[in-house]
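In: Test case, fold it:
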Amino acid sequence: MRRVAPPSWGLGMSVEVEARREASVWRRRRSFVKRALLLELRIYASIGRFVARRPAIAPGAAGFGITSPC
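Out: Residues are numbered from 1 along each chain as shown. So this is what the prediction gives:
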């Protein structure tokens, strides 16, 4: 930590400020890869939910949708 004096107040006070670590290239890459992986997993989860909710149609039966023409 380093001490920083307030701007010309003349009160003799100081503030302790934690130095922020530099964002390295590796940290940014790791963060990007993590976000991309989580996005990919969410996409597969959505596809899985879509497939699991589809109705099972018996052999020989004809399925229909609400938006299909009559």
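In: in this structure, which residue is closest to the centre?
Out: Centrality entry for the chain: nearest residue to the mean C-alpha point is residue 35, 5.4 Å, by C-alpha atoms, centre = their mean.
In: Helix or strand for it, just tell me which one.
Out: Using DSSP states H and E, residue 35 sits in helix 25-52.
In: Number of residues surrounding residue 37?
Out: Using other C-beta atoms under 10 Å, residue 37 has 10 neighbouring residues. C-beta: built from backbone N, CA, C; applies to glycine.
In: How confident was the prediction at it?
Out: As predicted, residue 37 sits at a pLDDT of 98.
In: How about the one 3 residues further on?
Out: The predicted local confidence for residue 40 comes out at a pLDDT of 98.
In: likewise residue 33?
Out: 97.
In: again with residue 3
Out: If you check residue 3, the pLDDT there is 58.
In: now do residue 63
Out: 76.
In: so how far is residue 21 from it?
Out: Per C-beta to C-beta, to the nearest Å, residue 63 is found 57 Å from residue 21.
In: Between those two, which is the more surrounded one?
Out: residue 63 (10 against 7).
In: I'd assumed residue 57 was in contact with that one.
Out: Yes. At 4.4 Å, residue 63 counts as touching residue 57 under the criterion of C-beta atoms under 8 Å.
In: what touches both of these two?
Out: Both residue 63 and residue 57 lack any common contact, where contact means C-beta atoms under 8 Å, 6 or more residues apart in numbering.
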